[in-house]
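# Next comes the sequence, and after it the predicted model I'd like to discuss.
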Amino acid sequence: MRDSSLYVTKAQGSGGSFLRYDDPAPKGTELTAVDGFEITGYSQAVVRDCCGGGFLGDSTNTSVIAVSNNLVEENAGDEPQASHGGAFYFFGHTLTITGNTFIKNTVTGWGAGLYLGAYSPGGQETSATLTWNVYRDNRADNTGGGMFCDDSAHCTSDHEIYDRNCGGNIYLDSGPDDAAPTVASFDHVTNYGALDATCAAPGPGVVIDEGNAAQDVYTFKNAIFWGNAAGRDFSTSCVAYCNTVNASITSSSVQQSYHNDGVNVTFGAGVVEASDPRFVDAAAHDFRLQAKDGVWAKLGAYGE
């Protein structure tokens, strides 16, 4: 793996695409990897088969994609009122997204840093593993400034930082009426300083919407929430089937009072009310924790 901070290979765009490829998708032991780049200024940086910094659509439901160690900065999904995915927009059978930094990407709709979706009625499944990524200062004009897991995708987040994204840090949503469940799990995450869509006021750490009968499942554990809007570490709503969602959080520091417009969040074992975690310097994006005696902890706020 390349380290884009040590060995800079910069892809500087002015709209258009950095990389484009079409079906048939990689399958079996075949792999497409985008590793170690600084990708900035594109409308669609990585295009497969629209949209934002990068788009991938897998009509064969066989793709194996790895995206690692990239700086993805200042890309834009600018289709008026409709864009999903400012930096990356992914429909892909098996995705591994590791060690990337998503900064200052924008979208007119949803999912400025990263959008992950599926289409289960058409047999297009998405299973995404997200590890050691940072989502910072991205902006969604609607919802999901950092990451958006949507439409039956399965998203597994481990050791990630969500830092001051506009439109909220994380957005989780159901699919259409006949879609399978959306499933997302978060372990060892830092969810800090979310802003509203205008970037002018504090916003929600996690937004959960529900609109179909599928049994969506969202779990959080070993998470630190801090600096989000008062009573909005979680913000939930539904248009139908409000009781079908299973949303829970354990072993975390979080506001247990939240905006509940129909979807309940269960606060389980090991949950403590949010208090200052004593980050080393959140303003400078240093989310390591300080020990009580003033000695900095060796591990990050979301580390083990």
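Perfect, thanks for sending it. Numbers count the residues shown, from 1 in each chain.
# how near is residue 111 to residue 197?
The gap separating residue 111 from residue 197 is 13 Å, by Cβ to Cβ, to the nearest Å. (Each C-beta comes from the backbone N, C-alpha and C, glycine too.)
# Those two: who's more crowded?
Applying other Cβ atoms under 10 Å to residue 111 and residue 197 shows that residue 111 carries more neighbours, namely 35 against 17.
# quick one: that one and residue 90 touch, right?
No: applying Cβ atoms under 8 Å as the test, residue 111 and residue 90 come out as separate, 9.9 Å apart.
# What is the neighbour count of residue 100?
For residue 100, using other Cβ under 10 Å, the count is 28.
# Next, find the distance separating it from residue 254.
Taken as Cβ to Cβ, the span from residue 100 to residue 254 is 25 Å.
# Likewise for residue 154?
Counting by Cβ to Cβ, the gap from residue 154 to residue 254 is 23 Å.
# Which one of the two is surrounded by more residues?
residue 254 (24 against 20).
# So the residue lying closest to the more buried one once chain neighbours are set aside: helix, strand or coil?
The shortest distance from residue 254 to any non-neighbouring residue, by Cβ to Cβ, 6 or more residues apart in numbering, is to residue 225 (4.4 Å). What DSSP: H, G, I helix; E, B strand; the rest coil gives for residue 225 is strand.
# Pretty sure residue 225 sits against residue 205.
Yes: in this structure, residue 225 is within contact of residue 205 by Cβ under 8 Å, at 5.2 Å.
# So for those two, which residue has more residues nearby?
Between residue 225 and residue 205, residue 205 has the larger neighbour count (other Cβ under 10 Å), namely 31 against 25.
# which residues sit in contact with that one?
162, 168, 169, 170, 191, 194, 225, 228, 232, 233, 234 (Cβ atoms under 8 Å, 6 or more residues apart in numbering).
# element containing the first one, please.
Under the assignment given by DSSP states H and E, the secondary-structure element containing residue 162 is strand 154-163.
# Return the list of helices and strands in contact with the helix or strand following that strand.
Later in the chain than strand 154-163, the nearest helix or strand by DSSP H and E is strand 170-173. Identification of packing neighbours for strand 170-173 by 3 or more Cβ pairs under 8 Å, 6 or more residues apart in numbering; DSSP states H and E yields strand 147-149, strand 183-192, strand 206-210.
# now could you export just the CA positions of strand 170-173 as CSV?
Extracted C-alpha coordinates of strand 170-173, given in CSV (Å, rounded to 0.1, in the frame of the first residue of the first chain):
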residue,chain,number,x,y,z
ILE,A,170,-23.5,10.0,9.5
TYR,A,171,-26.8,9.3,7.6
LEU,A,172,-28.5,5.8,7.7
ASP,A,173,-31.6,5.2,5.6
